[in-house]
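K.L.:
Give me a 3D structure for the following:
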Amino acid sequence: MEATEHEKLIIIGGGPAGMTAALYAARAELQPVVFTGMTLYGQVSQTDLIENYPGFPEGITGMELGERLERQAARFGARIFIEPVESIDLQQKPFLVKTYAKSYEAETLILAMGADNKKLGVPGEAEFTGRGVSYCATCDGFFYRGKYIHVVGGGDSAIEEALFLTRFANSVTIIHRRDALRAQPLLEKRARSNPKIRFLWDTVVEEIKGQERVHSLSLRNLKTDQRFDVPTDGVFISIGHVPNTALIANQVELDDKGYVRIDWMMRTSVPGVFAAGEIADPHYRQIITSAAMGAAAALEADCYLNEPDL
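P.N.:
Numbers count the residues shown, from 1 in each chain. All right, here's what the predicted structure looks like:
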């Protein structure tokens, strides 16, 4: 049986939080190991154009930003593996991390697994995922050239998705359960001024229908209780995220929304385990705040390794 490898620091997650943590940890000569999982760069990889990350006045694609973060961390010695973690044991010291290929002992851990797209949970959603149901406009938008599509949600992500989809679709209808958007004013202004975008207010999706692919949505108006069907070529769901905490369930303290509870030093309820990014941030959920949390987590992990009793 292959021996367990011992590491000072293991970072789980390869988005802005994980990669920034890797950069800071590598510069502190901790030789961190990063397991990105199979979704390289996390949610940022699904963003077509990032305009609010400092230093890029013309904007940058999510994939390009992720690649730059990876190269920078690797330059200073971070070891980055596109490999999912199968289990984490925080009950022992050093902590035990298992992948498909190996087992690792870690003196410290940084949890940066991010969050996944929240599902509607309606009939037809799972059945037609990949066949008219999507959660990523930048991944699938090209396939809807000349089509008539719908976007569910009213926050920043939903409006960004809708704006991106207007590059391809003939029409994009935003379905929102309220009568006002939650998106930032600039995005709302862009959406309202785009001739391809229209809105269905106070409305929810009750069923996604189709045969080989999606062909219609069953909707309900929450104020009038009116039910009606609308034809569609596809639906993009952008209603929020669920933190990826399955690996650490019942091992660290979570808040009432299921996010990892941390203090201002990124410390979890388990000494030596830190968390950064959207797994611990239900409020801001910005690339820059995730990166900042990753930097802080790495700095605190370094302090813990040098002075574990503090």
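
K.L.:
Please list all residues in contact with the residue most central in space within the chain.
P.N.:
Geometric centre of the chain, nearest residue: Gln43, 3.6 Å, by CA atoms, centre = their mean. Contact analysis of Gln43 by CB atoms under 8 Å, 6 or more residues apart in numbering lists Gly15, Gly114, Ala115, His241, Glu278. C-betas here are computed from N, CA, C, even on glycine.

K.L.:
Tell me the bridge partners for Ala106.
P.N.:
Ala106 has these beta-bridge partners by DSSP bridges: Glu7, Phe95.

K.L.:
returning to that earlier point: and the residue nearest to the centre of the chain, what's its pLDDT?
P.N.:
With respect to pLDDT, Gln43 scores 81.

K.L.:
With Gln92 instead?
P.N.:
pLDDT, Gln92: 93.

K.L.:
and what of Glu307?
P.N.:
Looking at Glu307, the pLDDT reads 84.

K.L.:
repeat for Ala78
P.N.:
98.

K.L.:
what's the burial count for it?
P.N.:
25 (other CB atoms under 10 Å).

K.L.:
Quick check, Val151 in contact with Glu161.
P.N.:
Yes: look at Val151 against Glu161 with CB atoms under 8 Å: they come within range, at 5.5 Å.

K.L.:
Residues that sit against both of these two, list them.
P.N.:
Ala137, Phe236, Ser238.

K.L.:
so where is the stretch 1-150 of the chain shaky, pLDDT-wise?
P.N.:
By pLDDT under 70, the low-scoring segments of the stretch 1-150 of the chain are 1-3.

K.L.:
Check whether Val204 really touches Leu222, as I assumed.
P.N.:
Yes: Val204 is within contact range of Leu222, at 6.3 Å (criterion: CB under 8 Å).

K.L.:
Which of the shared contacts of Val151 and Glu161 ranks first by neighbour count?
P.N.:
Among the shared contacts of Val151 and Glu161, Ala137 has the most neighbours (other CB under 10 Å), with 29 neighbours.

K.L.:
could you measure it against Asn117, distance?
P.N.:
Here Ala137 is placed at a distance of 12 Å from Asn117 (CB to CB, to the nearest Å).

K.L.:
Where do the helices of the stretch 1-150 of the chain begin and end?
P.N.:
Applying DSSP state H, counting those that start in this stretch to the stretch 1-150 of the chain gives helices spanning 16-27, 62-75, 137-140.

K.L.:
what does the second one rub up against?
P.N.:
Helix 62-75 is contacted from outside by 14-16, 19-20, 22-23, 26, 34, 40-42, 44-48, 50, 53, 56, 80, 138, 287, 291, using CB under 8 Å, 6+ apart.

K.L.:
between it and helix 16-27, how many degrees?
P.N.:
20 degrees (axes from the mean of the first three to the mean of the last three CA atoms, to 10 degrees).

K.L.:
Tabulate the CA atom coordinates of helix 62-75 in CSV.
P.N.:
Written as CSV, here are the backbone C-alpha positions of helix 62-75 (Å, rounded to 0.1, in the frame of the first residue of the first chain):
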residue,chain,number,x,y,z
GLY,A,62,-12.8,34.4,-16.3
MET,A,63,-10.7,31.6,-17.8
GLU,A,64,-7.8,34.0,-18.5
LEU,A,65,-7.9,35.4,-14.9
GLY,A,66,-7.9,31.8,-13.6
GLU,A,67,-5.0,30.8,-15.8
ARG,A,68,-3.0,33.9,-14.7
LEU,A,69,-3.6,33.1,-11.0
GLU,A,70,-2.5,29.5,-11.5
ARG,A,71,0.7,30.5,-13.3
GLN,A,72,1.6,33.0,-10.7
ALA,A,73,1.1,30.5,-7.8
ALA,A,74,3.0,27.8,-9.7
ARG,A,75,5.9,30.2,-10.3
